[in-house]
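*Asks:* Next come a sequence and a model predicted from it.
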Amino acid sequence: MIKVAVCGALGKMGKEVCSTVELNSDMELVAKIDIAGDDTYKSIEEASKDKDIDVLVDFTQPKSIFENAKFCLNSGIKIVIGTTGLKDEEIEYLKNLSKEKNTGCLIAPNFSTGAVLMMMFARQAAKYFDNAEIIELHHNQKKDAPSGTAIKTALMMSEGGESFTRGNCPETETIKGARGGISYNDIHIHSVRMPGYMASQEVLFGSNGQVLKIRHDSTDRKCYMDGVMLGVRHVFKNNNFVYGLENIM
């Protein structure tokens with residue numbers, strides 16, 4: 001039996017994770033952690049003193065995830081991270097800490113299997129195009145921009161080491177930011193925040209005479225749950241560090 005704690009348990013994703021864990025016969029929900037609510041632990045430290053936790057699933061806030069992850073790894077608690085907003089240097093630190101403590105850690109910018117396939121298809125397509133940009137669209141309560149999925153997609157696309165603005169003319173932005181943020185290998189990322197969206201991403205590739213679009217849309221948070229459960233089971237059985245669900249699918 002995998003003893004699971006959920007941090008951010010009263011958020012939309014946290015509630016879905018709690019419900020899903022309770023439906024799985026090989027898991028037990030031992031702790032709900034959230035600063036709000038009367039029936040939740042207020043911190044991971046408080047919960048870990050009272051409960052034996054095998055795996056903690058974190059869907060909290062960008063400002064707290066790094067400290068949460070450090071506490072878990074230093075305490076021998078395996079962690080599955082769905083919160084986005086970690087910096088590259090923070091991810092590298094957690095990778096080294098996971099190895100040092102021999103404690104499993106999975107960071108997944110997106111747990112939707114369809115979104116992960118979209119990212120994998122984009123990586124494959126990137127080998128054949130000179131130009132590419134990413135548009136990501138989320139609800140207007142998402143605090144970080146660009147999304148972790150967009151950043152991870154750009155990183156995967158950049159593996160070939162070439163710029164994705166080849167052949168572009170010199171540009172001048174008459175409105176600052178009009179061309180989006182510039183990420184790995186000059187891939188421009190455009191972030192949209194608007195009511196009505198949940199999570200969508202479109203990767204655009206272009207070359208002479210053709211345009212390829214790869215798009216994924218999430219319309220219900222249930223689409224993430226298979227990936228979350230896959231992550232929980234992986235870190236329970238393994239002590240390695242994993243960045244990206246595609247590495248265990």
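*Replies:* Perfect, I can see it now.
*Asks:* Could you check what's spatially nearest to the residue most central in space within the chain, not counting adjacent residues?
*Replies:* Geometric centre of the chain, nearest residue: residue 109, 1.3 Å, by C-alpha atoms, centre = their mean. Take residue 109 and drop its neighbours on the chain: the residue closest to it by C-beta to C-beta, 6 or more residues apart in numbering is residue 148, 3.3 Å away. C-beta here means a position set from N, CA and C on the backbone, and glycine is covered the same way.
*Asks:* what ranges of the chain fall below the confidence cut-off?
*Replies:* For the chain, applying pLDDT under 70 flags no range at all.
*Asks:* That one: helices as residue ranges?
*Replies:* Using DSSP state H, the helices assigned to the chain run over residues 12-23, 44-50, 62-74, 88-101, 113-125, 148-157, 225-237.
*Asks:* Any idea how far the third one is from the middle of the chain?
*Replies:* Centre-to-centre, helix 62-74 and its host chain are 15 Å apart (C-alpha atoms, centre = their mean, to the nearest Å).
*Asks:* List the contacts of it.
*Replies:* Applying C-beta atoms under 8 Å, 6 or more residues apart in numbering, the contact partners of helix 62-74 are 7, 44-45, 56, 58, 60, 77-79, 81, 83-86, 90, 93-94, 97-98, 101, 103, 105, 143-144.
*Asks:* From those, list the buried ones, please.
*Replies:* Buried residues within these, counting neighbours by 16 or more other C-beta atoms under 10 Å: 7, 44, 56, 58, 60, 77-79, 81, 83-86, 93-94, 97-98, 101, 103, 105, 144.
*Asks:* Which members of those occur in strands, if any?
*Replies:* Counted as lying in strands by DSSP state E, out of the buried ones among the contacts of helix 62-74, are 7, 56, 58, 78, 79, 81, 105.
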